[in-house]
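Participant: Fold the following.
(chains A and B)
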Amino acid sequence: MSKVRVRFAPSPTGGLHLGGVRTVLFNYLFAKKHDGDFIVRIEDTDQTRFVPGAEEYIFDCLKWCGLEPDESALHGGPHGPYRQSERKESYRHYAEQLVNDGYAYYAFDTPAELEKMRIDFKTTENPSPQYDGKVRMQMKNSLTLHANEVKKLLDEDTRHVVRIKIPPNETISFTDMIHHEVSFDSSLVDDKVLLKADGMPTYHLAVVVDDYLMKITHAFRGEEWLSSAPVHVLLWKYLFGLTNMPQWAHLPLIMGPGGKLSKRDGAKYGFPVFAMNWTDPKTNELTEGFKERGFLPEAFINLLAVLGWNDGTEQELYNLEELIEKFSIDRVHAAGAKFDYEKAKWFNHEWIKKLNVESLRIKVKDLLSAKDIIVDDDSFLDKVIELVKDRCTLLPDFVQHAGFFFKMPVKIDIDAVKQKWNEEKRLFFEEYIIKLENFQAGVSDWKMGEIERVFKSLAEEKNIKPGELLAPMRIMLVGGKYGPAVFQIAELIGKDETIKRIKNAMLQF
RNA sequence: GCCGCGUUGGUCAAGGGGUUAAGACGCCUCCCUUUCACGGAGGAAUCACGGGUUCGAAUCCCGUACGUGGUACCA
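Facilitator: Numbering: from 1, shown residues only, chains lettered A, B, ... in the order given. Next up is the predicted model:
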């Protein structure tokens, strides 16, 4: 029985964006679902495109998402190597085999000559002429030149490329797992470059050769590749046989609010487009990632999975195990989807509520300490997290909602109190402080119910509505109009701290 | 321009000949809450258009429009 083997080929040109992560995710889910191998092919050859640090970055992202490739496969597994640079020799071999078999040819045209062709053949009906069956016989290649001349040029090491010779008037069709039957008229496909002048393969050659050598059975990639699929199908036919070709799945594109989701200027959307922070080594420009924005990996994976896929039920929240169990390629949409950041935040909120305290503790602690809020008692932190997590959408929200339990608020929303502040209320709080000071030092006495009872009876005595006093009390303790019940906060931060905060705040009113 | 792929509320979507066309996000109203949330109950809002086929079309077919991708010695 042949085992399922899928591979993800990270594009080394920049950060790992939403579409990229979803492609990996679907690869991963499919592999795990069928108990197969999930491996990575690294395109590290092309000097002009490979960006230093990109490989490590991609693995960091995959690790964060919990989608790491199978180790054994990565490091010298049975069908390695997985680095394109380590296969350099074989691409030339296959390219030459194609030429010898008459399926490809050497082309000696210079960039200037190509440019000239594009101008000469340009018409209104055909604004961008291709190097194809209609023009190839008028170009400088091994089809038009005499054999001797070709040999001479080759011997002289003349710069040349290898191009595939697309046959005329054929219908090239294949079955895509998502789009089903897809077909192309070969006369409309151009003679794509297979081997570049520097000896490096283009994606077209590399992907076919690698998939064959790596024994890939199913290939998932973005829909932007659908147009070049006929070239790949032909290469499979010429090189390894159509029966060995992997099953294709061209995944729908993820779109931004105004159209296609661009990797660049993710800032204009107001939400991240990369999994993790990415610094462009050329420009040193930093693009914020979902991780740093405060997303949980569980939520990130979840929201991406249901963008273009659903299991037919009303379930929307899935963990990785459930996704593996429920995933089915048949239920992946053919249509592209617009990314909705509001819904993305909802997923994160749901996951924060769903996750237990242990999973949140370290993340919250790090966030707080980054704001100089020191947590020395983990069990106290746990209580606080449990208390406030329902009101946190993004992880950094914990700073606002949990910070005041550990540190007196630096900024107090004075304006919210000032207009309604008066001498009566001042008197109330002065007396309340005295009452609070009378609480026994023993912890058992300092309970929210008791603190509240004292508050209310004093308010009644002073003939002030408790509602009038609760708002200032809250602002004194937390700094703003948010957070859990006031007296619960008072209980948690303790007697001394409560009194200290009331005193401190009154000075400012 | 040509080629490919697509089109159910603002967004994600279920539904694949007969449904009052699910559900979720967002938005609005109300309840709960002497804050902010959570939670609960409601509400507004959809089958791109035109032709067929059929007793019957969101669903099948053909056009058109629109969107999107490709049209590189980028992936």
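
Participant: How about the closest residue to RNA strand B within the stretch 201-350 of chain A, nearest residue that isn't a chain neighbour?
Facilitator: RNA strand B sits closest to residue A:260 of the stretch 201-350 of chain A, with a gap of 2.6 Å, by Cβ to the nearest atom of the strand. C-beta here means a position set from N, CA and C on the backbone, and glycine is covered the same way. Once flanking residues are discounted, residue A:260 sits nearest to residue A:253: 6.9 Å by Cβ to Cβ, 6 or more residues apart in numbering.

Participant: so who does that neighbour touch?
Facilitator: Residue A:253 is in contact with A:19, A:222-224, A:260-261, A:336, counting by Cβ atoms under 8 Å, 6 or more residues apart in numbering.

Participant: Just these: which are in helices?
Facilitator: Per DSSP state H, helices hold the following members of the contacts of residue A:253: residue A:19.

Participant: Can you turn the buried part of the contacts of residue A:253 into a PyMOL selection?
Facilitator: This is how PyMOL selects the buried members of the contacts of residue A:253, with burial counted by 16 or more other Cβ atoms under 10 Å:
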select buried, chain A and resi 19+222+223+261+336
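
Participant: ok, and the closest non-adjacent residue to residue A:58?
Facilitator: Nearest non-adjacent residue to residue A:58, counting by Cβ to Cβ, 6+ apart: residue A:10, 4.5 Å away.

Participant: Kindly list the main-chain dihedrals of residue A:309?
Facilitator: Here is the backbone geometry of residue A:309 (degrees, to the nearest 10): phi -150, psi 150.

Participant: contacting residues for it?
Facilitator: Residue A:309 sits next to A:26, A:327, A:331-333 when contact means Cβ under 8 Å, 6+ apart.

Participant: again, but for residue A:96
Facilitator: Residues in contact with residue A:96, defined by Cβ under 8 Å, 6+ apart, are residue A:162.

Participant: Give me the phi and psi for residue A:182.
Facilitator: Main-chain dihedrals, residue A:182, degrees, to the nearest 10: phi -130, psi 130.

Participant: what's the burial count for the closest residue in space to it that isn't next to it in sequence?
Facilitator: The shortest distance from residue A:182 to any non-neighbouring residue, by Cβ to Cβ, 6+ apart, is to residue A:176 (5.2 Å). Applying other Cβ atoms under 10 Å, we find 17 residues neighbouring residue A:176.

Participant: Please apply the same query to the one 10 residues further on.
Facilitator: Around residue A:186 there are 18 other residues, counting by other Cβ under 10 Å.

Participant: Read off the pLDDT value for it.
Facilitator: Looking at residue A:186, its pLDDT stands at 96.

Participant: Okay, it and residue A:179: tell me how far apart.
Facilitator: The spacing between residue A:186 and residue A:179, counted by Cβ to Cβ, to the nearest Å, is 19 Å.

Participant: Where in chain A is the helix or strand with the lowest mean pLDDT?
Facilitator: Counting by mean pLDDT, DSSP states H and E, chain A has its least confident helix or strand at helix A:71-74, which shows a mean of 72.

Participant: coming back round to it: now for the residue nearest to residue A:58: which residues touch it?
Facilitator: Residues in contact with residue A:10 (Cβ under 8 Å, 6+ apart) are A:16, A:20, A:40, A:42-43, A:54-55, A:58.

Participant: where does chain A have low pLDDT?
Facilitator: In the predicted model of chain A, residues A:1-2, A:12, A:45-49, A:76, A:264-266, A:441-444 satisfy pLDDT under 70.

Participant: Recalculate using a threshold of 50.
Facilitator: Along chain A, segments meeting pLDDT under 50 span A:1.

Participant: Next up, the contacts around residue A:394.
Facilitator: Residues near residue A:394 by Cβ under 8 Å, 6+ apart: A:293-295, A:345, A:348.

Participant: in the helix or strand just after the least confident helix or strand of chain A, what's buried?
Facilitator: Using DSSP states H and E, the helix or strand that follows helix A:71-74 towards the C-terminus is helix A:88-100. Buried residues in helix A:88-100, counted by 16+ other Cβ under 10 Å: A:90-91, A:94-95, A:98-99.

Participant: do helix A:88-100 and RNA strand B meet?
Facilitator: No - Helix A:88-100 does not reach RNA strand B (Cβ under 7 Å from any atom of the strand); its nearest approach is 10.9 Å.

Participant: export that helix as CSV, just CAs?
Facilitator: Only the C-alpha atoms of helix A:88-100 are listed here, as CSV (Å, rounded to 0.1, in the frame of the first residue of the first chain):
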residue,chain,number,x,y,z
LYS,A,88,21.2,20.7,-8.3
GLU,A,89,22.8,18.1,-10.5
SER,A,90,19.7,16.1,-11.2
TYR,A,91,17.8,19.0,-12.6
ARG,A,92,20.3,19.5,-15.4
HIS,A,93,20.1,15.8,-16.0
TYR,A,94,16.4,15.7,-16.4
ALA,A,95,16.4,18.9,-18.5
GLU,A,96,18.8,17.3,-20.9
GLN,A,97,16.8,14.1,-21.0
LEU,A,98,13.8,16.2,-22.1
VAL,A,99,15.9,17.9,-24.9
ASN,A,100,17.2,14.5,-26.1
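
Participant: returning to what we had before: what would the contacts of residue A:394 look like in JSON lines with neighbour count and secondary structure?
Facilitator: Below are those laid out as JSON lines (neighbours: other Cβ atoms under 10 Å; DSSP: H, G, I helix; E, B strand; the rest coil):
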{"residue": "A:293", "neighbour count": "19", "secondary structure": "helix"}
{"residue": "A:294", "neighbour count": "20", "secondary structure": "coil"}
{"residue": "A:295", "neighbour count": "25", "secondary structure": "coil"}
{"residue": "A:345", "neighbour count": "18", "secondary structure": "helix"}
{"residue": "A:348", "neighbour count": "24", "secondary structure": "helix"}
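
Participant: which among these gets closest to residue A:483?
Facilitator: Minimum distance to residue A:483 across those is 18.9 Å, recorded for residue A:294 (Cβ to Cβ).

Participant: Show me what from the stretch 351-500 of chain A comes close to RNA strand B.
Facilitator: Residues of the stretch 351-500 of chain A lying near RNA strand B by Cβ under 7 Å from any atom of the strand: A:353, A:390-391, A:456, A:465-467, A:470-471, A:474, A:481-485.

Participant: Closest approach to RNA strand B from the stretch 1-150 of chain A, which residue is it?
Facilitator: Proximity of the stretch 1-150 of chain A to RNA strand B (Cβ to the nearest atom of the strand) peaks at residue A:11, 3.2 Å away.

Participant: Count the residues that sit near that residue.
Facilitator: Residue A:11 sits with 18 neighbouring residues when counted by other Cβ under 10 Å.

Participant: State whether it is indeed within a helix.
Facilitator: No - applying DSSP: H, G, I helix; E, B strand; the rest coil, one finds residue A:11 to be coil, outside a helix.

Participant: Identify the residue nearest the geometric centre of chain A.
Facilitator: When Cα atoms, centre = their mean is applied to chain A, the residue found nearest the centroid is residue A:275 (3.3 Å).

Participant: ok, for that one, nearest residue in space, not its chain neighbours?
Facilitator: Closest residue to residue A:275 in three dimensions, ignoring its sequence neighbours and counting by Cβ to Cβ, 6+ apart: residue A:61, at 4.2 Å.

Participant: For residue A:257, give me its contacts.
Facilitator: Residues near residue A:257 by Cβ under 8 Å, 6+ apart: A:269, A:338-339.

Participant: Over to residue A:66?
Facilitator: A:297, A:301, A:320.

Participant: Check whether residue A:317 really touches residue A:354, as I assumed.
Facilitator: Yes - here residue A:317 reaches residue A:354: they are 7.0 Å apart, a contact under Cβ atoms under 8 Å.
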